[in-house]
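# Prediction below, plus the sequence it came from.
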Amino acid sequence: MITRRGMIGGAATAMASARRLKAANAPLDIVVIGGGIAGAAAASQLSAQGHQVVMLEARSRLGGRINTDRSFAMPIDLGASWIHGPSQANPLVALAAKAGLTTAVTPDDLVQVYAATGAPLPYSVVDPKEATYDRLTNRARSTAARTGRDMSFQQAMTAQQGTLFNDPVMRYFGAAWTEFDTGAPLDQLSALQGMEDEEFGGSDVIVTNGYDRLFQPLVNGYEIRMGSPVKAISQTESDITVEYPGGTITADAAVLTAPLGVLKAGSIQFSPGLASTKLAAINRVGFGTVNKVVLEFTRATWPAGMQYFGFCRAVGAAGRACYAMNVKRLRAHFKYLGCHIHSALSNWRIQRVGI
Ligand SMILES: Cc1cc2nc3c(=O)[nH]c(=O)nc-3n(C[C@H](O)[C@H](O)[C@H](O)COP(=O)(O)OP(=O)(O)OC[C@H]3O[C@@H](n4cnc5c(N)ncnc54)[C@H](O)[C@@H]3O)c2cc1C
């Protein structure tokens, strides 16, 4: 079953330490592998506690799945865009304030859904179906949680209403809400554990001046080596050795934040090898792709006040270009007008359109 969780829940970080002969509270030499938000947060905290930290990042930029494109009229996030559950309990909120992130609420109810023919669907048609999709989703999740019996989200939904996904509007909800949010096809998403990212309360907000700014408070006080993909990590009783094309680092501890795909591909050799339980989890859990196509227009040809446009598809075409977001609504003073088209489960690309 595939699961993909938000930034807080998904920062799958593992720390291994060896026992070098040091006094109990002496600073440690620590290697942090990966310069995404998990690695940057770990490196920042560890160096603030007085440890000597070196970060190794494979690519020529920090950020990982936080990736802001600044070639458009406004910063466009190709990876993470929203702060989900921006309550005061969410640690991202304090960090975002420190980094000077500006945000805006993207109201889910400001949406115009279109039929596969291109005809706009009235709210009197869409709203009751939305209530049904919500109700069935909640029941699918609570039944799975109560019984502990896992099945795919699609099975859990169709067990309640067999012909549910014959309805193009229901397929739209499945693609735009569930597949886009989780990065997984409905038939591979776990009804039991596939949607466990609702840690904090509050209406989701989107970052309007670039999510990559989040890194500014997190990259000081330690050394960062870019273009340094780690190939091997070996641990002995006394230390940990990390190998990358630029050399070898021996340290007291290593924090590994490489994503699941890197672990699945076996790109890093571990010595001793990973425990069989960890290997089983790495093999069992999957992940998917979420696409963003960004179109920049010189004038709006759509209702400027609408936040989202939803697209129903014919049978068999679920998941493609399921909704568009009107970026102009977030930054009304911008001369150019943007439109995200979010499509679940294919490769991403960027386009510009002059009209
Ligand atoms: C399209 C998309 C939209 C998303 N939207 C949201 C959203 O709106 N809100 C939200 O909260 N979350 C969202 N997420 C999820 C969020 O982006 C991730 O959960 C988060 O960024 C993961 O951070 P990370 O540090 O764990 O991993 P990553 O960001 O993947 O960072 C891992 C880093 O490790 C590096 N690395 C890999 N292998 C090696 C190696 N061998 N040696 C050294 N370095 C290595 C990589 O280059 C990368 O920089 C979205 C994700 C995607 C893809």
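Received, thanks.

# Every contact and neighbour count from this point should use C-alpha atoms.
Will do.

# what distance separates the start and the end of stretch 160-177?
One end of stretch 160-177 sits 19 Å from the other (C-alpha to C-alpha, to the nearest Å).

# Which helix or strand contains Arg139?
Element membership for Arg139 (DSSP states H and E) is helix 123-147.

# for that helix, what is the average pLDDT?
Averaged across helix 123-147, the pLDDT comes to 95.

# Which elements pack onto it?
On a contact count with 3 or more C-alpha pairs under 8 Å, 6 or more residues apart in numbering; DSSP states H and E, helix 123-147 meets helix 153-158, helix 168-173.

# Nearest to the ligand among those helices would be which one?
helix 168-173 (17.6 Å; C-alpha to the nearest ligand atom).

# For that closest one, give me every contacting residue.
Contacts with helix 168-173, where a contact means C-alpha atoms under 8 Å, 6 or more residues apart in numbering, come from 115-116, 126, 129-130, 133, 164-165, 310-315, 318-319, 322.

# Take those residues and keep only those in helices.
Counting by DSSP state H, the contacts of helix 168-173 place 126, 129-130, 133 in helices.

# Isn't Gly289 up against Pro185?
Slight slip there: residue 289 is Thr, not Gly. No: look at Thr289 against Pro185 with C-alpha atoms under 8 Å: they stay out of range, at 9.8 Å.

# which of those two has more neighbours?
Counted by other C-alpha atoms under 10 Å, Thr289 and Pro185 do not tie: Pro185 has more neighbours, with 26 against 16.

# quick revisit: kindly indicate the member of the ones in helices among the contacts of helix 168-173 with the most neighbours.
If you count neighbours using other C-alpha under 10 Å, the busiest of those is Tyr133, which has 19 neighbours.

# So Gln154 versus Val285, what's the distance?
17 Å.

# between these two, which one's more packed in?
Shown here are Gln154 and Val285; by other C-alpha under 10 Å, Gln154 has more neighbours (20 against 14).

# residues in contact with that one?
By C-alpha under 8 Å, 6+ apart, the contact set of Gln154 is 186-189.

# again, only this time at 10 Å
Applying C-alpha atoms under 10 Å, 6 or more residues apart in numbering to Gln154 gives the contacts 137, 140, 164-165, 174, 185-191.

# Same check on Gly36?
Residues counted as contacts of Gly36 (C-alpha under 10 Å, 6+ apart) are 11, 57, 61-67, 215, 257-259.

# Now a PyMOL select for only the buried ones of the residues you listed.
Of the contacts of Gly36, the buried ones go into a single PyMOL selection, burial set by 16 or more other C-alpha atoms under 10 Å:
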select buried, resi 11+57+62+63+64+65+66+67+215+257+258+259
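
# Keep only the contacts of Gly36 that also lie close to the ligand.
Among the contacts of Gly36, the residues that sit close to the ligand (C-alpha under 6 Å from any ligand atom) are 11, 57, 62-66, 257-259.

# Inside helices: which ones of those residues?
Taking DSSP H, every one of those sits outside helices.

# Turn the residues you listed into JSON lines, columns for distance to Lys22 and pLDDT.
What follows is the ones next to the ligand among the contacts of Gly36, written out as JSON lines (distance: C-alpha to C-alpha, whole Å; pLDDT from 0 to 100):
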{"residue": "Ala11", "distance to Lys22": "29", "pLDDT": "38"}
{"residue": "Glu57", "distance to Lys22": "27", "pLDDT": "98"}
{"residue": "Leu62", "distance to Lys22": "32", "pLDDT": "97"}
{"residue": "Gly63", "distance to Lys22": "33", "pLDDT": "98"}
{"residue": "Gly64", "distance to Lys22": "34", "pLDDT": "97"}
{"residue": "Arg65", "distance to Lys22": "36", "pLDDT": "96"}
{"residue": "Ile66", "distance to Lys22": "37", "pLDDT": "97"}
{"residue": "Thr257", "distance to Lys22": "25", "pLDDT": "98"}
{"residue": "Ala258", "distance to Lys22": "28", "pLDDT": "97"}
{"residue": "Pro259", "distance to Lys22": "31", "pLDDT": "95"}
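
# In strands only, show me those residues.
Secondary structure from DSSP state E places none of those in strands.

# Can you convert those into JSON lines and add a column each for distance to Tyr222?
Formatted as JSON lines, these follow (distance: C-alpha to C-alpha, whole Å):
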{"residue": "Ala11", "distance to Tyr222": "20"}
{"residue": "Glu57", "distance to Tyr222": "13"}
{"residue": "Leu62", "distance to Tyr222": "14"}
{"residue": "Gly63", "distance to Tyr222": "16"}
{"residue": "Gly64", "distance to Tyr222": "18"}
{"residue": "Arg65", "distance to Tyr222": "21"}
{"residue": "Ile66", "distance to Tyr222": "20"}
{"residue": "Thr257", "distance to Tyr222": "17"}
{"residue": "Ala258", "distance to Tyr222": "19"}
{"residue": "Pro259", "distance to Tyr222": "22"}
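
# With that, I have no additional questions.
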